[in-house]
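**Q** Curious how this folds, go ahead:
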Amino acid sequence: QVTLVESGGGLVQPGGSLRLSCAASGFTLDHYTIAWFRQAPGKEREAVSCISKRDGRIYYADSVKGRFTMSRDNTQNTVALQMNSLKTEDTAVYYCYAGRWGEEYWGQGTQVTVSP
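**A** Numbering: from 1, shown residues only. This next block holds a predicted model:
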């Protein structure tokens, strides 16, 4: 069975940090482009960061550049998103994504709430 399972969400004050993790089973993350998306209430889902399958480069949305760091652990078949200097506007459900030609998988999402 192919699954992606996120963990690590929660409630944090502005300026704080959280680390999200995404564990894959049933397939190998290293063979896919992997990404973190988020969706805030009333807004469309947006890409936060991704690791290209083609060249391994990591890309970030301008809104998180310099604050978020995405990484992949091929031995554990996991991907992480370290989020620092969190802002209230980072509040959203965060989703892990893996995709390649004709195939894509999504996690169930984990809630991140940044509030005083």
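**Q** who touches residue 104 in this structure?
**A** By CB atoms under 8 Å, 6 or more residues apart in numbering, the contact set of residue 104 is 97-98. C-betas here are computed from N, CA, C, even on glycine.
**Q** For the residue positioned nearest the centre of the chain, which three-state class applies?
**A** The centroid of the chain falls nearest to residue 36 when counting by CA atoms, centre = their mean (2.8 Å). Counting by DSSP: H, G, I helix; E, B strand; the rest coil, the backbone at residue 36 sits in strand.
**Q** Can you verify my assumption that it contacts residue 50?
**A** Yes - counting by CB atoms under 8 Å, residue 36 does reach residue 50; the two are 7.4 Å apart.
**Q** tell me, what's touching these two both at once?
**A** Counting by CB under 8 Å, 6+ apart, the residues touching both residue 36 and residue 50 are 70, 97.
**Q** From residue 106, how far out is the closest residue to residue 28 other than its chain neighbours?
**A** Nearest residue to residue 28, sequence neighbours excluded (CB to CB, 6 or more residues apart in numbering): residue 77, at 6.5 Å. Going from residue 77 to residue 106 by CB to CB, to the nearest Å gives 16 Å.
**Q** now swap in residue 66 and tell me
**A** 27 Å.
**Q** which of the two has more neighbours?
**A** Shown here are residue 66 and residue 106; by other CB atoms under 10 Å, residue 106 has more neighbours (14 against 9).
**Q** beta partners of that one?
**A** residue 97 (DSSP bridges).
**Q** who's in contact with the host helix or strand of residue 82?
**A** Using DSSP states H and E, residue 82 sits within strand 78-83. Here strand 78-83 makes contact (CB under 8 Å, 6+ apart) with 17-24, 29, 34, 36, 48-49, 51, 64, 67-73, 90, 94, 96, 112.
**Q** now, which of those residues lie within strands?
**A** Cross-referencing those against strands under DSSP state E gives 18-24, 34, 36, 48-49, 51, 68-73, 94, 96, 112.
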